[in-house]
Every structure is written in C-alpha cells, then in structure tokens.
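J.: got a sequence here, can you model it:
(one chain, ligands or ions: 1)
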Amino acid sequence: MADPSGHADTVKHRVAIMLATGNRDKVREIRPMLEGISPMLQVWSLADLGLAPEIEETEPTLQGNARLKAAAIFRLIDERFERFIALADDTGLEVDALGGAPGVRSARFAPVPEGASPSYEQNVEHLMLSMAGTTGRTARFRTVIAMKGRLQLPDGNIMPIDDTVDGLIEGAITNERRGQGGFGYDPVFMPEGSTRTFAEMRIEEKNAISHRGRAIAAAVARIRELMARCGFETNHNANCP
Ligand code: IMP
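T.: Next comes the predicted model:
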C-alpha cells in the first residue's frame, strides 16, 4: 500500500484520515488543516489508494449526502486500516432570492444534456440568469462534514465514530464575476464584511472564514478530542482556521 508520508513501518500504529473526495481543489484546501492535529495521524486521499468510486448523491439534504459518502468510503477501506476515520463533505450555496437554491443541487444547477455534468462556469452563468429580475442578493455557503470510522480506546475496546459537523458563511452574490482564484461559485460570492469575492482572496484568507474552513475547524476539534480520548498525544495549536 502506498504511504504518502514515506514511513511505511509506522502506518499500522497510526490513525488514517481518509478524505472521501477525488476533487484536488478540496484535498489541497483540507489536507494542511488536518495534518497538524497529531504526528500519529496520517491524511490520505482516495487517489493515494488508487480509488475513484462513483458515489451518487441521492439524498435530499447536504447532511444525508455527506453521511452517504462517508458510509460508502467506510465500507471501501474497512479492511485496509485498523484505526481510521473517513471524512466526506457536501456543500451547497443557498441563495435567499431563489428560495435556498441551488442548495443540495449546487454542483448540478445548470441544465445540461443527460449524462453530462455542468462546468463551474455553466453553473455560475445559470445562477446569474436565475437571479435576473429578483430582489436581494443575500446568500450563504454551507458545508456538512460526516465522519465514519473507528478508533481504539486505551482499554482495548473499539470506539465506533459516526458523526457530523457543519460550517457556514453568510454573504451576497455579486452582479458580475470578480477574481481568478478559488473555484465553483467563488467569483460571484462576497462574504459578509468583505469587499472582495472569494475568488479575489488568497487561499489562506478564504480558508480562514469559509464554510469549509469552519466545518473543517469543527472536524479538527472533534478528531483531536476523539484521539485524546484514545490516548494519543495531540497538538493544541493544530493548523486550523
Ligand atoms: P460539493 O458538495 O463540495 O461537491 O460542492 C457542490 C458544488 O458547490 C460544487 O460543484 C461547487 O460548484 C460549489 N462549491 C463547493 N464548495 C465551494 C467553494 O468553496 N466555493 C465555491 N463554490 C463551491
């Protein structure tokens, strides 16, 4: 099995955190925030195991989809790790003038031929068109992170983990696209209290206030607490927003 840290001998004593996503943008954002929790924690992505499962998001809520994905990854890697937590997230942009749409359908908002997936650009274009003639631009991003796995308590008993945390950021949809950074709806989302869109911010600035950054901070706190209960040394200055 490939070991992203290069320390194959210690792998089996560590806790594996499996990021249940094939999206490189997300892995790039999430990995550094988790790595600081404990030297005994090792962050993996599905790509590290050569896995790219197709998990259909069939639930009507962000929480339902996040749990569904974490459970699917749990089953997939169950045999490969002793102590591990699968992390899966689901994010939605909720626009008040559209009654909370695109919400759980944020990735599939723009109409495209059956079998195709809309591009980020097509989704942004569809959002701008949908909002033409509506009043009010307020919106929020919401991320739910589901965690499913198992750790071992100091008395040897297995501790199952099945939990969710969330994070959100209020803001507004701008009238035109601004900035080159980020991804998805970032060029048209301006967080509350800022004069710049997410796409005009450096990745660290976005992470410090974003829905995903906040959900990850909650997940980091929960994982640190779980690892401490299981007797692992943890770093209280973990690199989280
Ligand atoms: P997912 O559930 O994380 O895959 O996100 C669903 C959709 O929301 C994605 O296809 C993106 O278009 C959008 N999205 C998710 N996170 C962000 C973000 O941080 N900025 C902008 N758009 C995002």
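
J.: and the helix or strand bottoming out on mean pLDDT in the chain with the ligand, contact?
T.: In the chain, no helix or strand scores lower on mean pLDDT, DSSP states H and E than helix 24-35, which sits at a mean of 78. No. Helix 24-35 lies out of reach of the ligand by CB under 6 Å from any ligand atom, never closer than 6.6 Å. The C-beta positions use only the backbone N, C-alpha and C, and glycine is treated the same way.

J.: I'd like to know which elements that helix is packed against.
T.: Packed against helix 24-35 by the contact rule (3 or more CB pairs under 8 Å, 6 or more residues apart in numbering; DSSP states H and E) you find strand 15-19, strand 41-45, helix 203-209, helix 211-229.

J.: out of the ones you listed, which is closest to residue 168?
T.: Taking CB to CB, helix 211-229 is the member of those nearest to residue 168, at 5.2 Å.

J.: who are the packing partners of that closest one?
T.: Counting contacts by 3+ CB pairs under 8 Å, 6+ apart, helix 211-229 is packed against helix 24-35, strand 84-95, strand 138-152, strand 158-173, helix 203-209.

J.: which residues sit against the shortest one?
T.: I take that to be helix 203-209. The contact list for helix 203-209, computed with CB atoms under 8 Å, 6 or more residues apart in numbering, reads 28, 29, 33, 169, 181, 182, 186, 191, 198, 213, 216, 241.

J.: adding distance to residue 49 and neighbour count, write these out as a markdown table.
T.: Output for the contacts of helix 203-209, formatted as a markdown table (distance: CB to CB, whole Å; neighbours: other CB atoms under 10 Å):
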| residue | distance to residue 49 | neighbour count |
| --- | --- | --- |
| 28 | 18 | 11 |
| 29 | 20 | 20 |
| 33 | 21 | 20 |
| 169 | 32 | 21 |
| 181 | 29 | 16 |
| 182 | 27 | 21 |
| 186 | 29 | 23 |
| 191 | 35 | 21 |
| 198 | 31 | 28 |
| 213 | 26 | 23 |
| 216 | 21 | 25 |
| 241 | 27 | 17 |
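
J.: which one of those is nearest to the ligand?
T.: residue 186 (4.4 Å; CB to the nearest ligand atom).

J.: one step back: pick the most buried one from the helices and strands packed on helix 211-229.
T.: Mean neighbours per residue, mean count of other CB atoms under 10 Å, is largest over those for strand 84-95, with a mean of 25.

J.: ok, then the element right after that strand?
T.: strand 102-103 (DSSP states H and E).

J.: and whatever helix or strand comes next after that next one, what's buried?
T.: Later in the chain than strand 102-103, the nearest helix or strand by DSSP H and E is helix 120-131. By neighbour count with 16 or more other CB atoms under 10 Å, helix 120-131 contains the buried residues 120, 123, 124, 125, 126, 127, 130, 131.

J.: among these, which are in reach of the ligand?
T.: 120, 123.

J.: who's in contact with the nearest residue to residue 140 once chain neighbours are set aside?
T.: Counting by CB to CB, 6 or more residues apart in numbering, residue 140 lies nearest to residue 170, which is 4.8 Å off, once chain neighbours are set aside. Contacts for residue 170 (CB under 8 Å, 6+ apart) come out as 138, 139, 140, 191, 192.
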